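Enquirer: Build me a model:
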Amino acid sequence: MSAQAEASAAEAPAKETAGKKKAGGGKGPLGRWLAKLRDDPNPILVKELRTIFRTKLFIRFLYLSTGLVGLIVLSGGAAVASESLAPAQVGQIVFQIFFSIALSIICLVAPAHAATSLTGEKETGTYESLILTGMDPARIVLGKFLASYAVFTLVIVAFSPIVGIAFLFGGISPWHVLLGFYGLLLVLGPAVAFGVAVSARLRSTRVSILLALIVFVPMSFFSTLILTALGEAAERSWGLSMSGPFWFTEALASRIGELDTLLLLGVLPLYVFGMMVWFLLASAIAGVRPAAEDRSTPFKLWSLVAVAGQVIILFGLQTLWDTSDQAEGGVAMNIFAAFPILFLALLFVNEPPLPPRLWELRMEEKGKLRRAFSIFGPGAAPTTRFGALMVLVATFGSAGASALGYHLFHPGHRNLMDADVGLLTTALGTASVCLFALTFGAWLRVVLRSGIASRVLTLAVLLAMVIVPLLMAVILDPDSLDDIDDDDAPLLVRLTPFMHFILGMEIADDGDTWRFVEVAVTVAVYGLAALFFWGLLEARVRKVAGLVKEQRAAREKRAEEAAAQRTSFAPPASPEAIAEAAAHAGVADAAAAAAVVAAAEGEGDLEPGAPGPEPVARDASGGGEGGRSPLDSDDAGGDDAGSDATSPPGEGGGGRAGDAGGDGAEGAPADGAPGSGEGDPEGDGRR
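Expert: Okay, the predicted model is just below:
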């Protein structure tokens, strides 16, 4: 009975585990994800939340900021109520004051707080321990992001009772409040993600906070001004009564069923803010990931979704234009779409000449289909190929989406041919300029070995191509810029990287389709330059690959030669040597040594003999091969250390454990093997 009880007790955990797996498998993807989240929460998220919620500073910030917002809203509401305004207008103004103050706090404090997430680990010396836990860098970054996001979500929740003051005057509804908080949560995502991305790239907390504030605060300020200006236009077009940066709450509450409102205020902001958060977190993950690993693949996945989203959004926006504005509207949207495409081109100019060695070794184990896609893998040349493909797909996909939009919804429009030619002109010029920026920047990165320098120089060259031809044209003819949009524009002006924009708008507006041939200047100049620098890049990458291959072959050859010269183990000691050593050690050691010799020769155990011969004076070298007796323990001057005398520097023997003079850290066998000297101070193959 006891054996059966033990067997039943042993089977119980297995049955329980199987039952849990079965129950989890029947929940569906969402249920399994929630179960996994409950059973294995993000340790970084849990640790950060516990640390933040237990600090007095956070509690003080929570009630002080809430009190400050309440005081400002009460003061503003009292000042507005004292004027001769309708109660509904007062309520809307108080509503705008509250959400504007909350937005200011988020844009000012959230990036600064998130900017300390990883730099704090680096300054306290726990960053290396965090990396050595083996946790995926994506999980580390996501935990930091979610922790900061959750903290400021709690701050927004603490602010929420204050907005009740606006309900005292009227003019707003609960939908306005909910949509206002939805807007705050949208802005909070990029604010926190930007701080985490900056923190992943820098080591100083002060510098990280300063950079986050210098960059994000002005960007948010100008974005708020643009949003307010768009609200004034929407007020005239849609008949809205609310003004201010949160005017969209009224538009969404009253016009959510309209296609233009749904696309412009629903889908478009969600896509833009979501892609911003994804990109910033991918940048943070690349900053945490070691340089020996693949850093470009997350950006490539992001670019695929970004290009697809841009094409879909342009198709949707094209349907919103009036029939008379279809041609000009399509070309104008493709002109604005050229700037994200240029950003996409500059994104892929920060790759080293060759892919990581670890990635190459992993690809050798993959299937043929997976290896075929390695032409778009990491490394300067494959990434440039991928970037060129994305530029072409984004450029002509955007033009095709606009053309498809007005051909489907306005098939009888008289200017469809003009619109098609204008879009093609714009697309050809944009593709040529962006391909030039991509290939020129990638070539500079390989030559200068700096991604920042290559991007700055590429932008400087493009800016010079805008300014220098215009200045030279004005110097030669002061009136040359008066006819910049005519067919007799100076040749120098046609060399600028924006001339195809002017041509596209002129063709779509005036119907001069024959001017399509003028874009040949832009295509010839920037397209041929792109091919030239692309060829230089491929040639340099092949040269670097050849040099690295030769170096690896030379290291392997030297390692084989060193291994041939090196003995695997010391030869067995002779009885004379044992007797000599025992003479110095005493009778007990002599008996032990004799027993070892007898056991080695198969004679069994030996009786202890008489004391050995009298001590013999050693020579100056210490006696024995390599300057020591065969029974001496490994010391700083052993045989392995002596192998450097017959081998070139860096090619010595593998060194034994406990041999401080052994040169295991100096050996150079095949790349990645134990004892590799390249970037391997311990000689154990770890990099």
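
Enquirer: Under the pLDDT cut-off, which ranges of the stretch 51-200 of the chain? List them.
Expert: Within the stretch 51-200 of the chain, not a single segment meets pLDDT under 70.

Enquirer: ranges for the helices of it?
Expert: 56-81, 87-114, 119-124, 127-132, 137-159, 164-167, 174-201 (DSSP state H, counting those that start in this stretch).

Enquirer: and Asn350, which of these is closest to it?
Expert: helix 174-201 (12.3 Å; Cβ to Cβ). Any C-beta I mention is one placed from the backbone N, CA and C, and that applies to glycine too.

Enquirer: ok and the closest one relative to helix 137-159, angle-wise?
Expert: For helix 174-201 against helix 137-159, the angle by axes from the mean of the first three to the mean of the last three Cα atoms, to 10 degrees is 140 degrees.

Enquirer: For helix 174-201, which helices and strands make contact with it?
Expert: On a contact count with 3 or more Cβ pairs under 8 Å, 6 or more residues apart in numbering; DSSP states H and E, helix 174-201 meets helix 87-114, helix 137-159, helix 205-238, helix 248-255, helix 268-288.

Enquirer: Put together JSON lines for the helices of the stretch 51-200 of the chain, with distance to Ala564 on each row.
Expert: JSON lines is the format used below for the helices of the stretch 51-200 of the chain (distance: least, Cβ to Cβ, whole Å):
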{"stretch": "helix 56-81", "distance to Ala564": "66"}
{"stretch": "helix 87-114", "distance to Ala564": "57"}
{"stretch": "helix 119-124", "distance to Ala564": "46"}
{"stretch": "helix 127-132", "distance to Ala564": "37"}
{"stretch": "helix 137-159", "distance to Ala564": "42"}
{"stretch": "helix 164-167", "distance to Ala564": "85"}
{"stretch": "helix 174-201", "distance to Ala564": "47"}
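
Enquirer: which one of the ones you listed lies closest to Arg555?
Expert: helix 127-132 (27.9 Å).

Enquirer: which residues are contacting that closest one?
Expert: For helix 127-132, contacts defined as Cβ atoms under 8 Å, 6 or more residues apart in numbering pick out Leu118, Glu121, Ile140, Val288.

Enquirer: Give me the residue at the spatial middle of the chain.
Expert: Ser283 (2.5 Å; Cα atoms, centre = their mean).

Enquirer: Dump the contacts of helix 127-132 into JSON lines; add neighbour count and distance to Leu268 as well.
Expert: Output for the contacts of helix 127-132, formatted as JSON lines (neighbours: other Cβ atoms under 10 Å; distance: Cβ to Cβ, whole Å):
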{"residue": "Leu118", "neighbour count": "28", "distance to Leu268": "31"}
{"residue": "Glu121", "neighbour count": "19", "distance to Leu268": "36"}
{"residue": "Ile140", "neighbour count": "25", "distance to Leu268": "31"}
{"residue": "Val288", "neighbour count": "22", "distance to Leu268": "31"}
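
Enquirer: Would you point out the most distant pair within the residues you listed?
Expert: Glu121 and Val288 (10.2 Å).

Enquirer: distance between the ends of stretch 310-325?
Expert: 21 Å (Cα to Cα, to the nearest Å).

Enquirer: Give me the residue ranges of this protein where confidence is low.
Expert: 1-27, 33, 413, 485-487, 567-687.

Enquirer: Domains in it, by residue range?
Expert: 42-289, 290-532, 575-629 (automatic domain parsing).

Enquirer: Format these as a markdown table; extra columns: distance to Leu30.
Expert: A markdown table is the format used below for the domains of the chain (distance: least, Cβ to Cβ, whole Å):
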| stretch | distance to Leu30 |
| --- | --- |
| domain 42-289 | 18 |
| domain 290-532 | 22 |
| domain 575-629 | 69 |
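
Enquirer: between those, which one is nearest to Gln551?
Expert: domain 290-532 (11.9 Å).

Enquirer: sorry, back to before: so for Glu560, which of the domains of the chain sits nearest?
Expert: Among the domains of the chain, domain 290-532 sits nearest to Glu560 (Cβ to Cβ), with 20.0 Å.

Enquirer: For the stretch 351-500 of the chain, just list every one of the strands.
Expert: Under the criterion DSSP state E, counting those that start in this stretch, the stretch 351-500 of the chain contains no strands.

Enquirer: Just the helices from it, written as ranges.
Expert: 357-363, 368-372, 380-409, 416-448, 451-476, 491-494, 499-510.

Enquirer: Using PDB, write out the CA atom coordinates for the last one.
Expert: This file holds the C-alpha atoms of helix 499-510, laid out as PDB (Å, rounded to 0.1, in the frame of the first residue of the first chain):
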ATOM      1  CA  MET A 499      11.800  70.100 -58.900                       C
ATOM      2  CA  HIS A 500       9.700  67.000 -59.500                       C
ATOM      3  CA  PHE A 501       7.200  68.300 -56.900                       C
ATOM      4  CA  ILE A 502       6.700  71.500 -58.900                       C
ATOM      5  CA  LEU A 503       6.400  69.500 -62.200                       C
ATOM      6  CA  GLY A 504       3.800  67.200 -60.700                       C
ATOM      7  CA  MET A 505       1.600  70.000 -59.400                       C
ATOM      8  CA  GLU A 506       1.900  71.900 -62.700                       C
ATOM      9  CA  ILE A 507       0.900  68.800 -64.800                       C
ATOM     10  CA  ALA A 508      -2.000  68.000 -62.500                       C
ATOM     11  CA  ASP A 509      -3.200  71.600 -62.400                       C
ATOM     12  CA  ASP A 510      -2.600  72.800 -66.000                       C
END
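
Enquirer: For it, buried residues please.
Expert: Within helix 499-510, the residues that count as buried by 16 or more other Cβ atoms under 10 Å are Met499, His500, Phe501, Ile502, Leu503, Gly504, Met505, Glu506, Ile507, Ala508.

Enquirer: Pull the contacting residues for Leu252.
Expert: So Leu252 contacts Trp175, Leu179, Thr261, Leu265, Gly266 (Cβ under 8 Å, 6+ apart).

Enquirer: Can you tell me the number of residues neighbouring the first one?
Expert: In this case it means Trp175. Neighbourhood size, Trp175 [other Cβ atoms under 10 Å]: 14.

Enquirer: what's the distance between it and Gly76?
Expert: From Trp175 over to Gly76 the distance is 23 Å, taken as Cβ to Cβ, to the nearest Å.
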